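J.: sequence and predicted structure are below.
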Protein chains: 2
Amino acid sequence: MKLTPSAYLTLGMIRLGARSGYAIKKAADLSTRFFWPTSLAQVYPELARLVQAGLLTRTEDHQGARERFAYELTERGEAALEDWLRASHEAPTQFRDESVLRLFFADALAEQDQLALVRRLREQVRGVAAHTSGEIVPLAEALESSGGTRFPALVARLRADTYAFVEQWLEQLEADLEP
Amino acid sequence: MKLTPSAYLTLGMIRLGARSGYAIKKAADLSTRFFWPTSLAQVYPELARLVQAGLLTRTEDHQGARERFAYELTERGEAALEDWLRASHEAPTQFRDESVLRLFFADALAEQDQLALVRRLREQVRGVAAHTSGEIVPLAEALESSGGTRFPALVARLRADTYAFVEQWLEQLEADLEP
DNA sequence: GTGTGCATGTAAGGAGTTACATGATTGC
DNA sequence: GCAATCATGTAACTCCTTACATGCACAC
């Protein structure tokens, strides 16, 4: 039984304290979405598969008339997660960015339009950097001080710092392109 | 008629001098693959669509008994490419990286295993950085000095520098994690 | 009382990958 | 002679997204 990264995302989020499918999706949108997006239409079937496979338990946890299920890791589920974390597989990075694709082909433009393209790209990158350091890092740091999990904050900082670096790089490029 | 980024990739590669579907795919594997991967099973139908739409012409260009077709941009094709380059759409970046996902959940591991995970990740990143600066950048720079197209080289350098930055960041993290 | 958030799921469709299928040319 | 590269395409499948469908709880 081979599990996909999305399955491990599910297991990992439950290990970090998410109990419902909804909570997993919500947590993912604030953290892992940037390097592993997911959707509810993925989460629910995945939960069902993992229960089927004996890696999760599902118990009723209804709130009055509103239905809710609480998931927990079984021993085998915990072991599966840790095995995956320890494994040294080659995981090919998937990256798709239309903006960079445009930058790649920018020679087709007149100089002023090239400059405009770079400027737009830098502003996009600046926005991501600001959002990451302003919103995502603080959330992850709250988790760090409350729960003792440090890696979510590390990953958030890595992202913030990387985007800040790219922003500087593009700023320099912009300066070089200016007439 | 709305075109996908893959369509613009196709147009762009032809503008840079690729003539056959095979050549487009080959060029993409050495350049755009890192931010917009493609495959022959995408390229061929895309070429057919673009010919159909009047953005490309297709002419026979057989080499003896081996069949080959040469594609060229029509005026409308060139205009479509340039419009896309000038447009300022929000292009959501798609990024999927199982290694970062593992890093995110690394709190589940014992300290020595956390260190091993970071070390592996750094080595992966180092490999990418080395490949990019050693193989991809020189190729793009050759294009730059021969043909006057500078943006492919800029994009390659951006990638090389970014990965070098991430490698340093992880090196620092590794040092911090060491007992 | 109404909008936002919590909560669970299914169905249809799209985008992209791998595998299949075929064959010529070139360099060693 | 044989392997790698050039060259064109199709078919099946997988993964993921968007849209659909439904309803409770809580705060304002």
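T.: That came through fine.
J.: if I look at residue A:128, how far off is residue B:151?
T.: Distance, residue A:128 to residue B:151, using C-beta to C-beta, to the nearest Å: 21 Å. Every residue, glycine included, has its C-beta placed from N, CA and C.
J.: near DNA strand C at all, the helix-or-strand element of chain A with minimal mean pLDDT?
T.: Every helix and strand in chain A was compared by mean pLDDT, DSSP states H and E; the lowest is helix A:137-147, with a mean of 93. No - judged by C-beta under 7 Å from any atom of the strand, helix A:137-147 and DNA strand C are separated, with a smallest distance of 13.8 Å.
J.: quick one: the helix or strand following that helix to helix B:151-177, angle?
T.: Using DSSP states H and E, the helix or strand that follows helix A:137-147 towards the C-terminus is helix A:151-177. If you take axes from the mean of the first three to the mean of the last three C-alpha atoms, to 10 degrees, helix A:151-177 sits at 150 degrees to helix B:151-177.
J.: got the residues of chain A near DNA strand C?
T.: Neighbours of DNA strand C within chain A, by C-beta under 7 Å from any atom of the strand: A:20-23, A:26, A:40-41, A:44-45, A:47-48, A:63, A:66-69, A:96.
J.: among those, which ones are buried?
T.: Those of the residues of chain A next to DNA strand C that meet the buried threshold are A:20, A:21, A:23, A:47, A:69, A:96, by 16 or more other C-beta atoms under 10 Å in any protein chain shown.
J.: out of those, which touch chain B?
T.: Subset of those in contact with chain B: residue A:96, counting by C-beta under 8 Å from any C-beta of the partner chain.
J.: how about the buried ones among the residues of chain A next to DNA strand C, which pair is most distant?
T.: Using C-beta to C-beta, these span at most 33.9 Å, a distance reached by A:69 and A:96.
J.: that older thread, turn the buried ones among the residues of chain A next to DNA strand C into a markdown table, columns for pLDDT and secondary structure.
T.: Below are these laid out as a markdown table (pLDDT from 0 to 100; DSSP: H, G, I helix; E, B strand; the rest coil):
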| residue | pLDDT | secondary structure |
| --- | --- | --- |
| A:20 | 96 | coil |
| A:21 | 97 | helix |
| A:23 | 97 | helix |
| A:47 | 97 | helix |
| A:69 | 97 | strand |
| A:96 | 96 | strand |
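J.: just the buried ones among the residues of chain A next to DNA strand C now: which is nearest residue A:35?
T.: Taking C-beta to C-beta as the measure, residue A:35 sits nearest to residue A:96 out of those, at 12.7 Å.
J.: if you skip the residues just before and after it, what's nearest to the closest one?
T.: Nearest non-adjacent residue to residue A:96, counting by C-beta to C-beta, 6 or more residues apart in numbering or on different chains: residue B:94, 4.1 Å away.
J.: the host helix or strand of residue A:123 vs helix A:151-177, what angle?
T.: Secondary structure assignment for residue A:123, by DSSP H and E: helix A:111-131. Angle, helix A:111-131 to helix A:151-177, by the same axes, to 10 degrees: 160 degrees.
J.: same for helix A:111-131, what does it pack against?
T.: In terms of contacts (3 or more C-beta pairs under 8 Å, 6 or more residues apart in numbering or on different chains; DSSP states H and E), helix A:111-131 is packed against helix A:98-104, helix A:151-177, helix B:75-86.
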